[in-house]
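*Asks:* My questions concern the predicted model and sequence given below.
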Amino acid sequence: MPPITRAVATALLLVTLLGSAGCGAILLGGAAAAGTYVYFDGQAKNTYNASFQKAYDASLAACRELTIPVTSETRDGTSGKITGKLSGDTVIISLKLVGDNLTEITVRVGLIGNESASRRIHATISRHL
């Protein structure tokens, strides 16, 4: 097989494998960094251009603004979790430092998830950043 044909075949195989192996999340990661929320499996996820501490403080401010009573908080400087209640549903905000000044925030509302409530929380967090 000529080198150019082999390179094209290899590239096509790589694209096919990535697409079929569920690695679409790699592509969605770029969308999240651009301010688009990814909602999957009952959770809304976004990566913010903010330090962990700033993102954590913005998450707490969002809880106060949306009158979500915080029932527990844990953090270690690079990851954390804020748990609260919204209309009887448990709210879990998970934060993880994923790079220099990049913090991933995942929001889950209720047992099976509530997309609109999760997105509202993300929008409020974003306003506080």
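*Replies:* Thanks, I have the structure now. These figures come from a predicted structure and were not determined experimentally. Numbers count the residues shown, from 1 in each chain.
*Asks:* residue boundaries of the helices in the chain?
*Replies:* With DSSP state H, the ranges of helices along the chain come out as 3-20, 24-33, 52-65, 115-128.
*Asks:* And the ones you listed, which one averages the lowest pLDDT?
*Replies:* Out of the helices of the chain, helix 24-33 stands lowest, with a mean of 41 (criterion: mean pLDDT).
*Asks:* Residue 78 versus residue 94, what's the distance?
*Replies:* Using Cβ to Cβ, to the nearest Å, residue 94 is found at 12 Å from residue 78. All C-beta atoms are positioned from the backbone trio N, CA, C, and that covers glycine.
*Asks:* Likewise for residue 108?
*Replies:* Distance from residue 108 to residue 78, by Cβ to Cβ: 20 Å.
*Asks:* ok so, going back, please identify which of residue 94 and residue 78 sits among more neighbours.
*Replies:* Neighbour count, other Cβ atoms under 10 Å: between residue 94 and residue 78, residue 94 has more, with 18 against 11.
*Asks:* For the more buried one, which non-adjacent residue is closest in space?
*Replies:* Nearest non-adjacent residue to residue 94, counting by Cβ to Cβ, 6 or more residues apart in numbering: residue 106, 4.5 Å away.
*Asks:* Spit out the contact partners of the residue nearest the centre of the chain.
*Replies:* Centroid check for the chain by Cα atoms, centre = their mean gives residue 45 as the closest residue, at 2.2 Å. By Cβ atoms under 8 Å, 6 or more residues apart in numbering, the contact set of residue 45 is 32, 37-39, 104-107.
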